[in-house]
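Asks: Got a predicted structure here, sequence first:
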Amino acid sequence: MRNMTGATKSEVLIGLVIAGAIGVGVWSLVLIEHKDQASSGLGAAYQYDVSSLAYIDPDLILYDALPLVIETGYLNARSVCVDHRGQVFVAGDQTVRVFKQDGNLIRTLMSPGPSYCVTVAPDDRVFVGKKDHVDVFGPDYKLETAWPSLGQDAVITSLAVTGTQVFAADAGHREVVVYDLTGQVVTRFGQASDDQGFDGIIVPSAYFDLVLSQDGLLRVVNPGRLRVDAFTPEGQYEFPWGKPGNDIAGFCGCCNPCALAVLPDGGFVTAEKGLMRVKVYNSDGGFEGVVAGPVELQVRIEPKICRTPDECRANALDVAVDQAGDIYVLDTEHAQIRVFSKRKTND
C-alpha cells in the first residue's frame, strides 16, 4: 500500500483540510435541519397550533360528500375540469382521461409530453396544456394541432377559453398569455405596472390558476400574495380580493390558493394546500363557507402551514364545478376525485 500512494505531504495536508471542511459543513446542515424540524427557531409566542387551525366548525361546512370516488389511475394527476355534458376531464401523466359522472372511463386523449391542465370550449374542442405549449383536440377528440412553444422556462398550469380567445397561466414566466383561436399570442400580462396600480403576480411554485367569471372578467390566482386578482380579457387590472390569514376566511402559508373555480351563481371555489381546505366565496370575494377540510377530504398526510413552496409540493388540490353546482375535488397526490354537493336547507 505504501508503494501505491504517490501523494506528497502537502497533498495529504490539503486533503485533510478539505475533509475537515466537508465534515464541518455536513454537521452544520444537520444542526440546521434538526433546528428547523424541532422548533423553526421562533419563540413560543410565534408557534402555531396547526391542529386547531385545521379544525373547521361543522356549522361552516355547507356541502356533503357524495359516495362516489373517481379513481383516475394516474401516477401524477394534475388538473380536472367538467364540460357542459357533465363529462369529467383529468390531465395527468402524458394523457387526458375522460370519465362519466359515475366514474367510468370513456376515452383517453394522447399527445407527446406531460399533460398539465385541460379545458373544454363551448364548441367541444379540448385544449390541453403541455408544459410549454397548448395542444388542441377537435370535437371528435382527435389531435388537431400543437401551438408554438412559449419557451423552455414555460410551465402552463391553467387554461380558460371563450368563443374568441384562450387564456393560459404560465407559472414559469409568472404571466397570463392570451391567444386567439389560431394559436397566435395576442398579449401577455401579469407584470407589475405603476400605471395600473398593480404590484405584480408572484408564483413561488407551479400552482397558478385562472378562470373566466360570469361578469366577463378573468380571475387570476396570485398565490405568492395570497389573493385573487381580477383583469379584463385585455389585461387591464381591476381589483383584488382575498387576504392573508390563518383564520378560515383567509389564505395562509407561502402560496395559496392553489386552485380556483366558478360556481353557477357567480361565486367562487378555492382550494388550499398545506392546511388542505376547499372553501366558497361570493361573487365579490366575500367568504361564505367551507366545502371540505382535511377530514372530509380524507387526506392521509398531516395538515401544516407551509413556510416554503417545497414543503407543500405534494398533496395539492384542483377543483372544478359542474352545471348543477356540484364541486369536484382532485387530490393530486392520490389521483382521486371526490364530489361534494350543497346541503339542502329547510328554508
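Replies: That came in fine, so what should we check first?

Asks: from here on, contacts and neighbour counts on C-alpha atoms
Replies: OK.

Asks: can you list the weak-confidence ranges in the stretch 151-300 of the chain?
Replies: The model of the stretch 151-300 of the chain has pLDDT under 70 over residues 300.

Asks: Try it again at 80.
Replies: 299-300 (pLDDT under 80).

Asks: Can you show me the helices along it?
Replies: 294-297 (DSSP state H, counting those that start in this stretch).

Asks: Strands of that one, residue ranges please.
Replies: Here the stretch 151-300 of the chain has its strands, by DSSP state E, counting those that start in this stretch, at 156-161, 165-170, 175-180, 185-189, 210-212, 218-222, 227-231, 237-241, 259-262, 268-272, 277-281, 287-292.

Asks: what would those look like in TSV with mean neighbour count?
Replies: Below are those laid out as TSV (neighbours: other C-alpha atoms under 10 Å):
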stretch	mean neighbour count
strand 156-161	25
strand 165-170	25
strand 175-180	21
strand 185-189	16
strand 210-212	23
strand 218-222	26
strand 227-231	22
strand 237-241	16
strand 259-262	26
strand 268-272	24
strand 277-281	24
strand 287-292	21
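
Asks: quick one: I202 from A171, how far?
Replies: 9 Å (C-alpha to C-alpha, to the nearest Å).

Asks: higher neighbour count, these two?
Replies: A171 (24 against 21; other C-alpha atoms under 10 Å).

Asks: right, and that one touches L159 too?
Replies: No - with contact defined as C-alpha atoms under 8 Å, A171 does not count as touching L159 (11.7 Å).

Asks: one step back: make CSV from the strands of the stretch 151-300 of the chain and add distance to Y55 to it.
Replies: Compiled in CSV, the strands of the stretch 151-300 of the chain are given as follows (distance: least, C-alpha to C-alpha, whole Å):
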stretch, distance to Y55
strand 156-161, 30
strand 165-170, 32
strand 175-180, 35
strand 185-189, 38
strand 210-212, 28
strand 218-222, 25
strand 227-231, 22
strand 237-241, 24
strand 259-262, 21
strand 268-272, 14
strand 277-281, 10
strand 287-292, 11
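
Asks: of all those, which lies closest to A121?
Replies: Of all the strands of the stretch 151-300 of the chain, it is strand 156-161 that lies closest to A121, at 5.9 Å by C-alpha to C-alpha.

Asks: Between strand 175-180 and the closest one, find me the angle.
Replies: Relative orientation of strand 156-161 versus strand 175-180 (axes from the mean of the first three to the mean of the last three C-alpha atoms, to 10 degrees): 40 degrees.

Asks: and strand 156-161, what does it pack onto?
Replies: strand 117-120, strand 126-129, strand 165-170, strand 210-212 (3 or more C-alpha pairs under 8 Å, 6 or more residues apart in numbering; DSSP states H and E).
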